[in-house]
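Undergrad: pasted the sequence and its predicted model underneath.
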Amino acid sequence: MLDDFLIRALLSGLAVAVAAGPLGCFVVWRRMAYFGDATAHAAILGVALALGFQISIFIGTSMVALMMAMIVSALAGRGWAMDTTLGVLAHSALALGLVAVSFLPNVRVDLTAYLFGDILAVSRFDLGVIACGAALVTALMAWRWRALLTATLNEDLAHASGIDPARERMVLTVALAIVVAVALKVIGALLIAAMLIIPAAAARNMARSPEAMALLAIAIGMVAVWGGLQMSLRLDTPSGPSIVTVAAAVFAACLAGAALAAAAQKRLGR
């Protein structure tokens, strides 16, 4: 079954959706959209370093994404203006990675696949790496869910409950770096943040609890992957952007549905 490239593409996309759903909820709750963007853009620098030192792309992108996330966290703790800092770091890392690749001797690589994803070219090995990374993030989120949620809602309450908010931020940092590394092949560095944010933002309009929001975000991510692959096959569109386009369409539908429901409730209230 895994000899079919479409099956591999679908399974890899679903694995990313499962990992990105709960993590994306925390990105939305903590307003970490730019944080995720900076970490994802740094992945291109990780690709350049991995090619230069002839190591695994997954290892290279994970290390650089984690390093970027830790730098951002450290600067945030020192009171730096986050919007400016993240803008400088994100675009500098992306540009540095693109320049570094051009200096690699005897290395010919299509950066488009890393920028926008190439899910249809996922190999068996890629699928194994993506599945393992997604399983690790999912297990990490399940293990630390209550602590992460408490630290997100109220740091004082977290301290009173014996939870270290700094440690929970580090858990999110590690999880984000892993998701960036595994999603690079599927969605691409420029669109990873969108896959984290859009399903979670759509789920927020309908969910009544944090757990329901996380599960709904996973479901929306899965729908986006399936719909994006169908769109890519039928219309010959790039797969990564197609997945994000479907996710955006689901978000718009959820937003419209929530608005109609609020209007109907208001009329009944009268």
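TA: Yep, it's here. Given the structure is predicted, the values throughout are model-derived calculations rather than measurements.
Undergrad: now Ala113: how far from Ala33?
TA: With distances taken as Cβ to Cβ, to the nearest Å, Ala113 is found 24 Å from Ala33. Quick note: C-beta positions are derived from backbone N, CA and C, even for glycine.
Undergrad: check which helix or strand covers the residue nearest to the spatial centre of the chain.
TA: Centroid check for the chain by Cα atoms, centre = their mean gives Leu196 as the closest residue, at 3.9 Å. Here Leu196, judged by DSSP states H and E, is contained in helix 192-204.
Undergrad: for Met113, which non-adjacent residue is closest in space?
TA: Just to correct that, residue 113 is Ala rather than Met. Spatial nearest neighbour of Ala113, excluding adjacent residues (Cβ to Cβ, 6 or more residues apart in numbering): Ala121 at 6.9 Å.
Undergrad: and Ala50, by the same measure?
TA: In this structure, Ala50 finds its nearest non-sequential neighbour in Gly60, 2.7 Å apart by Cβ to Cβ, 6+ apart.
Undergrad: mind listing what's buried in whatever helix or strand that neighbour lives in?
TA: Counting by DSSP H and E, the element that carries Gly60 is helix 57-77. Of all the residues in helix 57-77, those buried under the rule 16 or more other Cβ atoms under 10 Å are 57-58, 60-69, 71-72, 76.
Undergrad: using CSV, write out the CA atom coordinates for the helix holding Leu196.
TA: Provided in CSV are the C-alpha atoms of helix 192-204 (Å, rounded to 0.1, in the frame of the first residue of the first chain):
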residue,chain,number,x,y,z
ILE,A,192,4.0,25.9,8.3
ALA,A,193,2.8,28.8,10.6
ALA,A,194,-0.4,28.9,8.6
MET,A,195,-1.0,25.2,9.2
LEU,A,196,-0.6,25.8,12.9
ILE,A,197,-2.8,28.8,13.2
ILE,A,198,-5.6,28.5,10.7
PRO,A,199,-7.2,25.2,11.9
ALA,A,200,-6.9,26.3,15.5
ALA,A,201,-8.4,29.7,14.7
ALA,A,202,-11.3,28.0,12.9
ALA,A,203,-11.9,25.6,15.8
ARG,A,204,-12.0,28.4,18.3
